[in-house]
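1. just to be clear, the model below is a prediction. Sequence and coordinates:
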Amino acid sequence: MPTRLELPTTAGAIRALRVGDEVRLRGGLVTAREAAHRRLVRRDEPVVRAWTEGGAVYHCGPVVARDPASGAWRFVAAGPSASPRLEPWEAEVIARYGLRAVLGKGGMGPRTQEALRVHGAVYLHVAGGLAVTLARYVRRVLGVHLLDELGIAEAVWHVEVEDLPAVVTMDAHGDSLHAPPSAPLPEPA
């Protein structure tokens, strides 16, 4: 049975999670890829901090459309981006913006793993290849930041999700499904 993870959350709730746990996220999170991460490290963004304290960042370049009648934004596709590309910035983004979860695909490196341990956060793997299906878990767009500067796919989107499925693949205890095995595998017979 998946654990329901309400965002924002606490370090205690995150430290209760272990590698392999299935979660369903509910609440607010932000999307951010390379351009946004570079910006978040280079310059403090109080708007983003207000959205992320105790929350999550999703490595996602969404396809977003605007309703012509209401002007409201909606996510059309929301598949995960490859997280290893964000390794140079993620540890600082976790610390500066109070994140408790990082979502994406492919895991992250040792600097991020240490930041997860120190700050009480987890890495959550989101299944790739399901971009349109994943967009259905986005209930509404709450705001967007840096849209004019970075464009739709790279902007920081603040969204509300309901029951977004993910798996803990790096936990706040230093364990990771992405780490190489500690002992060599036995030779085949």
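-> Thanks, I have the structure now.
2. next one, pLDDT for the closest residue to R85 other than its chain neighbours please.
-> Nearest non-adjacent residue to R85, counting by C-beta to C-beta, 6 or more residues apart in numbering: E34, 5.9 Å away. The way it works is simple: take the backbone N, C-alpha and C, and place the C-beta from them, glycine included. Note for E34: predicted pLDDT of 97.
3. isn't E34 up against E154?
-> Yes: E34 is in contact with E154 according to C-beta atoms under 8 Å; the separation is 7.4 Å.
4. compare these two (neighbour count), which wins?
-> Legend: neighbour count by other C-beta atoms under 10 Å for E34 and E154, higher for E154 (20 against 16).
5. surely that one touches H59?
-> No: contact criterion C-beta under 8 Å: E154 and H59 do not qualify, at 11.4 Å.
6. joint contacts of the two?
-> Shared contacts of E154 and H59, defined by C-beta atoms under 8 Å, 6 or more residues apart in numbering, are found at R33.
7. number of residues surrounding D163?
-> 13.
8. got the buried residues for stretch 7-23?
-> 7-9, 14-15, 17, 19, 21, 23 (16 or more other C-beta atoms under 10 Å).
9. swap that for stretch 158-177, please
-> Going by neighbour count (16+ other C-beta under 10 Å), the buried part of stretch 158-177 is 158-159, 161, 164-172, 175-176.
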